[in-house]
Each structure stands twice: as C-alpha cells, then as structure tokens.
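**Q** show me how the following folds:
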Amino acid sequence: MASTTCAYCGRLTHMTPFGKQVKVIWSRFGGDRRATIQAPFTCDNCGLLSIASGESTSDPNDYNDNDSRWGWSERTGAWIPKIGVGREYPDVPKHIGAAASEAHERQSIGAHRAAVMLARAVIEATAKDKGITKGTLFDKIEKMHEHGLVSELVRDQAHEVRYLGNGTWRLRGACVR
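**A** Below is the predicted model:
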C-alpha cells in the first residue's frame, strides 16, 4: 500500500497505481540484481498523478504477481513532485514567520541553498524588527546576543547559517567574518 502526502491537495493519502507503465533499470550490486523503478500513481483524494521511485529485487512488470509488482512501493525512495513541509511560528511577526516556514519547507525537500538563504533573511529581518540595523550580519547577530534577544546557542546557530550563506568554512576556534 503506497501512501504519501500528495503534492497537489496536501493530504496524507493512499496512492493507487496508474496503468502498467513502469520504468525499470536493472543493475548489479555485488551478487544481487536490483531494479531502480519509477511508476505512476494517482492520489485517491484528488486524482492527480505523481511518480514514485524506489528499488526492488523483484520484477515489477510481472503482472501475474501483484505483490511482486507493487510490493516495492513501501520502500519508495522518493515521490515526484516533492512537497515541502513548513512550520508555524505564531510568536513572531507574520513576515518573519512566513520566511522561516518557507526556509523549513525548502530544507524538507533538499533545497539546502535556498533554505540557507531564507534562513539568513530571517536572521536579518529579526535583527531589523528589534531595531538592530547597522553593521554586518556578524555584528547584528552579536548585538542580538548582547541585548539578550537570543541565547548563546541560537547565536552560534545563526553564525553557522551565516557561514554557509557566505560560502566560507568555519575554522575551529576562529570566526570567519
């Protein structure tokens, strides 16, 4: 039984196999023969089409054995299109919470650079919202910590986001601005 959150209607739902179009690419790993599989499914709620991909050691095109054909779906590696999962941030201004939720969504689908850029924007917007508008992002993070607006842990995490966004690496024990 294949279930996922539908990228179109947003519901956690059962996905029904659609037709007999299953793409299989066979390969060998050691002594095992494995199939990389892609197959179409429709959402039981809205009826729109998604593609599942995964691996199997059995032939999904063996139409005489339904379990062989569709049993791989429980080990599905991915669904296309992907759906991001955001978070709610009710205790922050709406524009900051919306950007933070979007960063969380991008992270959940593996769009890491987009998530980092949005997280940097959240840090900048938070500083601005608290009246800290001068200096570099490094200075703003430090000021928020000095004013007791963020803990030491949050300060350190904000600097990690800054490092990633700058495309620089953190040197052990040293800050890279």
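
**Q** tell me the contacts of the spatially most central residue of the chain?
**A** The residue lying closest to the centre of the chain (CA atoms, centre = their mean) is Ser108, at 1.7 Å. Applying CB atoms under 8 Å, 6 or more residues apart in numbering, we find Ser108 in contact with 84-86. All C-beta spots, glycine's among them, are computed from the backbone N, C-alpha and C.

**Q** and the closest residue to Trp26 other than its chain neighbours, its phi and psi?
**A** Nearest non-adjacent residue to Trp26, counting by CB to CB, 6 or more residues apart in numbering: Ala35, 5.5 Å away. Taking degrees, to the nearest 10, you get phi -120, psi 130 for the backbone angles of Ala35.

**Q** turn the contacts of Ser108 into a markdown table, including distance to Lys140, neighbour count and secondary structure.
**A** Below are the contacts of Ser108 laid out as a markdown table (distance: CB to CB, whole Å; neighbours: other CB atoms under 10 Å; DSSP: H, G, I helix; E, B strand; the rest coil):
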| residue | distance to Lys140 | neighbour count | secondary structure |
| --- | --- | --- | --- |
| Gly84 | 27 | 19 | coil |
| Val85 | 29 | 13 | coil |
| Gly86 | 25 | 16 | coil |
